[in-house]
Every structure is written in structure tokens, then in C-alpha cells.
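Asks: Just to be clear, the model below is a prediction. Sequence and coordinates:
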Amino acid sequence: MDVTPRGSAVDGAHAASISLDRIGKRYPDGTEAVGELTLDVAAGEMVVLIGPSGCGKSTVLRMVNRLVEPTGGRILLDGEDVTRVDPVQLRRRIGYVIQNVGLFPHQTISANVATVPQLLGWPRDRRRRRVTELLELVGLDPTQFGARYPHELSGGQRQRVGVARALAADPVVLLMDEPFSAVDPIVRTRLQEEFLRLQAEVRKTIVLVTHDLDEAVRLGDRIAVLSEGGRLEQFDTPAAVLGAPATPFVREFVGADRGIRRLAVTPVTRDTVEPVSAATTAASLPTVPLGASAYDALGVLLTSAADRVVVTDHNHPVGVLTRARLLDWATPATDGTAHRVAQEESRSGDKRSSQQIHDGHRSR
Ligand SMILES: Nc1ncnc2c1ncn2[C@@H]1O[C@H](COP(=O)(O)OP(=O)(O)OP(=O)(O)O)[C@@H](O)[C@H]1O
């Protein structure tokens with residue numbers, strides 16, 4: 001997807017905060033899908049809901065746009081209680097992307113993208129302009145794809161149309177239920193990367209449901225880990241969830257390889273390197289640039305015979321990272337020291353994610 005900024009093509013400032021205030025859902029047969037969940041999502045933030053099958057993730061998402069009516073609690077969009085708003089009006093302010101996209105098979109791609117603007121009664125010219133800019137935004141040439149039908153597109157292309165359609169009326173919130181899981185792993189990774197760039201431009205408030213921990217770590221500013229009954233086990237940055245699981249459930253859920261995953265979300269900074277010695281600079285050691293991930297640094301070390309990697313800023317050495325230190329970071333937090341490191345990272349991660357929200361870019 002080419003998502004190069006295009007000035008006023010997309011109104012990027014339009015996003016709302018979401019507050020779930022003790023929301024619950026008990027189905028008529030007595031199933032308590034969600035007990036009492038409280039969760040706050042900042043405007044422009046991307047929050048990922050993850051947890052085992054049946055824990056209530058989709059129910060939470062569908063309560064936000066009231067496809068499922070909550071049986072308890074309140075949902076506030078920018079402070080306004082949407083449990084009192086007409087659900088049809090509400091859904092026009094909320095984009096919704098689902099696994100198999102749900103495009104209308106007998107309508108062209110242009111008509112599919114224009115669905116909500118049409119419902120809102122936009123004049124034809126405005127609809128046409130909007131469809132063109134959105135298809136360009138998601139990397140589909142409007143002249144090539146606009147007149148096609150959904151079955152004439154690949155799975156990844158249909159997924160992009162789904163995102164374009166969800167953005168059509170400039171919603172304040174985007175809800176995404178397993179949006180990338182119907183495509184193969186290579187296409188999925190590419191769509192995720194493109195989606196991050198797209199989000200840097202449109203900066204919507206996004207709640208995304210996934211089963212895939214790597215996807216959660218890659219996309220989420222924060223991750224909410226849920227267990228059965230929509231119980232919130234942890235709500236924190238990817239680095240904190242991986243580095244300092246809050247409960248035994250989270251520890252087991254994120255698995256034994258969480259240390260390695262955590263390296264991928266730990267950037268190499270001036271604060272985390274050791275000083276460069278004269279002996280080090282003289283040696284021909286491998287290098288990584290400042291801002292690379294600790295995972296990249298470990299990868300460089302593992303493919304060389306060296307025991308340390310030099311960290312550079314515009315080709316000037318600013319510090320070193322030893323193999324021992326990187327392996328230490330990758331070791332799951334089992335003692336107080338490791339926990340403290342993870343908590344510090346969590347705090348700086350929080351700063352990083354809010355900074356990213358303001359800057360509109362991400363280091364991942
Ligand atoms: N209409 C319904 N009536 C009764 N129970 C329901 C209904 N819809 C969902 N449930 C139950 O609510 C619980 C939560 O379902 P939900 O679809 O939200 O879970 P999920 O975490 O999204 O699952 P998955 O990851 O498998 O999609 C499940 O136990 C499910 O069986």
C-alpha cells in the first residue's frame with residue numbers, strides 16, 4: 001500500500017477516545033461472555049485484544065458498535081454514552097473490518113467502498129472523489145480496480161478494500177476483528193506493515209482482535225490480554241506484556257519464547273548501550289544503527305563470531321552491546337532485577353507509544 005501523505009486526502013485528526021466502563025454481556029441462554037470489563041483507549045491509539053478462543057474478544061468489539069447489546073455497563077466515545085445513541089447512527093461513526101471482509105459480491109469495488117457515503121446521502125461527485133482517494137490510500141489503482149467485482153481480486157486486495165470501505169466516512173473509531181487472518185502468512189506480514197504506515201497517516205482509534213501474539217506485538221500500542229469471561233489479565237505495552245507478565249495466565253499465554261519476542265520491541269538506545277573502548281573501536285566488529293531492535297542486534301551477533309556489536313549513530317560508534325547483555329534481556333523475567341528492567345521499559349514504552357501517537361510514526 002502506498003500511503004505517502006497526501007495533504008488533505010484523509011482527515012487524520014478525526015478520532016475519538018473509547019471508555020469501556022464495566023461493560024458486560026450475558027446471553028439469553030445464561031452464557032456470561034463478558035463479566036465486567038473496564039478499558040480505556042486513547043484517541044489515535046491502537047489497542048489489540050488477545051486471548052484464547054471463546055474468551056469474549058469479538059463480543060467486546062461488537063458491543064462497541066452495538067451489534068451486540070451490552071447487558072451491563074457503559075461505553076463512552078469521547079465521553080458520550082453510546083448505549084443511549086441510535087445504533088444505526090452510531091455505526092456510521094465506527095468503521096468495522098472483519099475476517100472475510102464481507103464485501104457485497106454483486107457490487108463493484110467502487111460501489112463497495114462508497115457504501116456508507118451512499119447511505120449518508122453524499123452527492124455522487126463527492127462519493128467518487130472519496131473512493132478514488134481511499135483506493136489510492138490502500139495501494140489499489142482506482143482505474144484498474146474500481147470497476148472490478150470482489151471475486152476478481154486476491155484475498156489481500158479484498159482485505160485492503162475492506163479497510164478502505166471502513167474508512168470511507170472518516171469514522172472516529174475503527175474496529176477490526178481478525179482482519180488479516182484469512183490471508184497467508186507472507187501477505188499477512190506485508191498487510192500488517194502497510195497497515196502500520198496507514199495508521200501513521202490516518203491515526204484512527206483502533207481496537208483490533210487477533211489470536212496471533214506476533215500480530216498483537218507488531219501492531220498494538222497496547223495489548224489487552226483477556227481470559228474467559230472477558231476478564232482483563234493485563235493491559236500494557238507489548239514490551240511490558242512480554243517482559244513482565246502480570247499474572248500466571250499471561251505468563252503461560254505469551255509462552256516460553258516471550259523473551260525473544262520482547263527483543264523485537266526493545267529498541268537499542270543511547271541509554272541501553274555500554275561505553276565504547278579504544279580497543280573496541282579498533283576491532284572490526286559488526287555494527288547496528290541506533291534505533292534498531294535488540295532482536296536485530298542479536299541477529300547480527302549470531303551470524304558473526306563476535307561477542308559484542310557496536311552501536312552507531314550516522315556511522316559513528318556510540319556504544320556497544322555484548323552478547324551476554326542481549327541474552328540477559330531475552331531471559332524471561334523471573335527475578336526482581338529482570339522485572340524492574342521490564343517495568344522501566346514498560347514506562348518508557350508508554351512514553352514511546354504516546355509519543356508515536358502524537359508524532360504519527362512508530363519505531364516498530
Ligand atoms: N449468541 C450467543 N449466545 C450464547 N452464547 C454466545 C453467543 N455468541 C457468543 N457466545 C458465547 O460467548 C463467549 C464469547 O464469544 P466470543 O465470540 O466473543 O469469543 P472470542 O474470544 O471472540 O472467540 P474466538 O477467538 O473463538 O472468535 C463464547 O463462550 C461463545 O460461545
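Replies: Here it is on my side, so go on.

Asks: For the stretch 151-300 of the chain, what lies in contact range of the ligand?
Replies: Taking C-beta under 6 Å from any ligand atom as the contact definition, the stretch 151-300 of the chain meets the ligand at His211. Just so you know, the C-beta spots here come from the backbone N, C-alpha and C atoms, and that holds for glycine as well.

Asks: Show me where the stretch 151-300 of the chain dips below the pLDDT cut-off.
Replies: Residue ranges of the stretch 151-300 of the chain with pLDDT under 70: 256-257, 278-283.

Asks: ok, now which ones touch the closest residue to the ligand within it?
Replies: Nearest residue of the stretch 151-300 of the chain to the ligand: His211, at 5.9 Å (C-beta to the nearest ligand atom). For His211, the contacting residues are 50, 53, 178, 181, by C-beta atoms under 8 Å, 6 or more residues apart in numbering.

Asks: Can you show me the helices along the stretch 201-350 of the chain?
Replies: Applying DSSP state H, counting those that start in this stretch to the stretch 201-350 of the chain gives helices spanning 213-219, 238-243, 248-254, 258-264, 278-282, 294-302, 323-330, 336-359.

Asks: got it, and the stretch 1-150 of the chain?
Replies: Using DSSP H, counting those that start in this stretch, helices in the stretch 1-150 of the chain cover 57-64, 87-92, 109-113, 115-119, 124-137, 142-145.

Asks: how close does the nearest residue to Gln234 once chain neighbours are set aside get to Glu233?
Replies: Sequence neighbours aside, Ala246 is the residue nearest to Gln234 in space, at 4.0 Å (criterion: C-beta to C-beta, 6 or more residues apart in numbering). From Ala246 across to Glu233, the span is 6 Å (C-beta to C-beta, to the nearest Å).

Asks: which one of these two has more residues nearby?
Replies: Taking neighbours as other C-beta atoms under 10 Å, Ala246 and Glu233 compare with Glu233 leading, 20 against 15.

Asks: Was I right to think the more buried one contacts Pro248?
Replies: No - if you go by C-beta atoms under 8 Å, Glu233 and Pro248 don't touch, sitting 9.3 Å apart.

Asks: most centrally placed residue in the protein?
Replies: Of all residues in the chain, the one closest to the mean position by C-alpha atoms, centre = their mean is Leu219, 2.8 Å from it.

Asks: surely that residue meets Gln192?
Replies: Yes - shown here, Leu219 and Gln192 form a contact pair, counting by C-beta under 8 Å, at 6.1 Å.

Asks: hang on, the earlier thing: narrow the contacts of His211 to just the buried residues.
Replies: In terms of neighbour count (16 or more other C-beta atoms under 10 Å), the buried residues within the contacts of His211 are 50, 178.
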